[in-house]
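# compute the structure for the input listed below.
(one chain, ligands or ions: 1)
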Amino acid sequence: MSEQKKPTLHRDTLAVREAVERSQYGENSEALYLTSGYVQPSAEAGARRFAGDEEGFTYGRYGNPTVASFEQRLAALEGAEACISTASGMSAILMMCMGLLKAGDHVICSHSMFGSTIKLIGTDLAKFGVESSFLSQTDVAAWKAAVKPNTRLLFAETPTNPLTEVCDIRALADIAHGAGALLCVDNCFATPALQRPMTLGADIVMHSGTKYLDGQGRVMAGALCASQELVTKTFLPVLKSAGMTLAPFNAWVVLKGLETLDIRMRAQSANALALAQWLQDHPSVARVYYPGLASHPQHALAMAQQAGCGGAVLSFEVKAADPEQARARAFHVLDSLQVMSLSTNLGDTKTLLAHPASTSHGRLTEAQRQTAGVVQGLIRVAVGLEHLGDIQADLDRGLSTF
Ligand SMILES: *Cc1c(COP(=O)(O)O)cnc(C)c1O
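Purely as a prediction, here's the structure:
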């Protein structure tokens, strides 16, 4: 009997077919294994499995078949050797930092990272002696200049929240590797449907599975994609001792979410581009931030790096005479919505709108917010799958009645 060769499959196929391991019942949809423990075939086998000398599940904190399927499928989509999942996006970052860093090490981060990431690395890890520098991620020369002998990790997010700044992944990877450090990219906004940072030199891709991977706003999840060696030797030991384990049910939801990731991202991005163009011409709108618009400062880079697509998140500023009026007008737009949701989440099929200056960036001083560009008139839209005409009409309710 000749051995069957596994066919090389396209990413669309992998999104629905990778890591399908059927039980004896032959279920077509992936099984959900809700179990915290596993029965060992023998005491010897149990000993070998606990020692890591034999494949096999031992305990729910360490691994689960449904969780493993999600990890394998996400790794396939990112083009990574391996993936390890966590209970949330933030706990994926914690796992990465606990695995890679020790007291005295230095991290360079974008200053436009997700707010909790800045707090975790800049404040919480500082208590354990980890140094950090926060820089503009579009200023490649500043990153190069910030490298020190103890720099271990460079960490960027592209596009960023809420102003959709795009960084040059290849350029940052070169700086990291020149310094003997690693580059991690938070790929939450673009997802592997649009951007695969490992093909551009990133060593680690971090995900909040809570967002587009789930895609319908149901569960929390996180993941790191990396080499098999980093996953097995650096991250898995942290998972085993610290226990930021992804729940099997949540893994199952996100696993099924991956099946529709590509078509959701493309449909939601098409809606976002059309909405950005409409907002750009609206008399009540001062400025639109969206990588798919030619007016975006990194438009060309974004198109090259993100499969010719701007993604599904945009932000815009309402026209106003001063910050007070801007805030009142932004609130008026949000309070006039009848269809879309006022919610700080993103990555849902339902369009979600937020006022960053009073929510995600509410703890900053007005001066810090000005530097960050998160002004009072700014509204973020995570565009969903509703009809474009209904989205426009819902925004126009407020925009046309200042
Ligand atoms: C939401 C988010 C995170 C954190 O993920 P959680 O799943 O909420 O812990 C990290 N980065 C980005 C860009 C995010 O949007």
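# sec struct for the closest residue in space to residue 361 that isn't next to it in sequence, please.
Leaving aside its sequence neighbours, residue 361 sits nearest to residue 374 (CB to CB, 6 or more residues apart in numbering; 4.4 Å). C-betas here are computed from N, CA, C, even on glycine. For residue 374, the assignment made with DSSP: H, G, I helix; E, B strand; the rest coil gives coil.
# gap between residue 374 and residue 367?
Per CB to CB, to the nearest Å, residue 374 is found 12 Å from residue 367.
# please apply the same query to residue 59.
Taking CB to CB, one finds residue 59 at 50 Å from residue 367.
# the more surrounded of the two?
residue 59 (15 against 8; other CB atoms under 10 Å).
# for the more buried one, what are its contacts?
Residues near residue 59 by CB atoms under 8 Å, 6 or more residues apart in numbering: 36-38.
# just the buried residues of the residues you listed.
residue 38 (16 or more other CB atoms under 10 Å).
# just the contacts of residue 59 now: which is nearest the ligand?
For the contacts of residue 59, the closest approach to the ligand (CB to the nearest ligand atom) belongs to residue 36, at 22.5 Å.
# surely residue 21 meets residue 73?
No: using CB atoms under 8 Å, residue 21 makes no contact with residue 73, being 11.2 Å away.
# more crowded one of the two?
Set residue 21 next to residue 73 and count neighbours by other CB under 10 Å: residue 73 wins out with 26 against 11.
# state the pLDDT value of the more buried one.
Listed pLDDT for residue 73 reads 98.
# from the ligand, how far off is it?
As for residue 73, its distance to the ligand is 18 Å (criterion: CB to the nearest ligand atom, to the nearest Å).
# just say helix, strand or coil for that residue.
helix.
# contact partners for it?
14-15, 18-19, 255, 258.
# at 7 Å instead, please
18-19, 255, 258 (CB atoms under 7 Å, 6 or more residues apart in numbering).
# neighbour-wise, which one of those leads?
Going by other CB under 10 Å, residue 255 tops those with 30 neighbours.
# how many neighbours does the residue in the stretch 1-150 of the chain positioned nearest to the ligand have?
Residue nearest to the ligand within the stretch 1-150 of the chain (CB to the nearest ligand atom): residue 89, separated by 2.3 Å. For residue 89, the number of neighbouring residues by other CB under 10 Å comes to 24.
# how close does it get to residue 114?
Taking CB to CB as the measure, residue 89 falls 8 Å from residue 114.
# residue 218 now?
Residue 218 is 20 Å from residue 114, by CB to CB.
# now do residue 222
12 Å.
# which residues in the stretch 201-350 of the chain form strands?
204-208, 222-226, 285-289, 313-318, 341-342 (DSSP state E, counting those that start in this stretch).
# of these, which is nearest the ligand?
strand 204-208 (3.0 Å).
# close to the ligand, is that closest one?
Yes: for strand 204-208, a contact with the ligand is found by CB under 6 Å from any ligand atom, at residue 208.
# quick one: list the elements packing against that strand.
Applying 3 or more CB pairs under 7 Å, 6 or more residues apart in numbering; DSSP states H and E, one finds that strand 204-208 contacts helix 89-100, strand 182-186, strand 222-226.
# one more pass at 6 Å, please.
Judged by 3 or more CB pairs under 6 Å, 6 or more residues apart in numbering; DSSP states H and E, strand 204-208 is in contact with strand 182-186, strand 222-226.
# what about that strand, average pLDDT?
98.
# name the strands paired with it and say parallel or antiparallel.
strand 182-186 (parallel), strand 222-226 (antiparallel) (DSSP bridges).
# if you compare the ones you listed, which one is most tucked away?
Compared across the strands paired with strand 204-208, strand 222-226 shows the largest average neighbour count, a mean of 29 (mean count of other CB atoms under 10 Å).
# pLDDT on that one, on average?
98.
# any residue of it touching the ligand?
Yes: for strand 222-226, a contact with the ligand is found by CB under 6 Å from any ligand atom, at residue 222.
# quick one, grab the pLDDT at residue 322.
95.
# can you give the contact residues for the lengthiest helix in the chain?
Criterion DSSP state H: the longest helix present in the chain is helix 261-280. Contact with helix 261-280 is made by 191, 193-194, 215, 285, 288, 290, 292-293, 309-312, 314, 316, 383, 388, 392, as judged by CB atoms under 6 Å, 6 or more residues apart in numbering.
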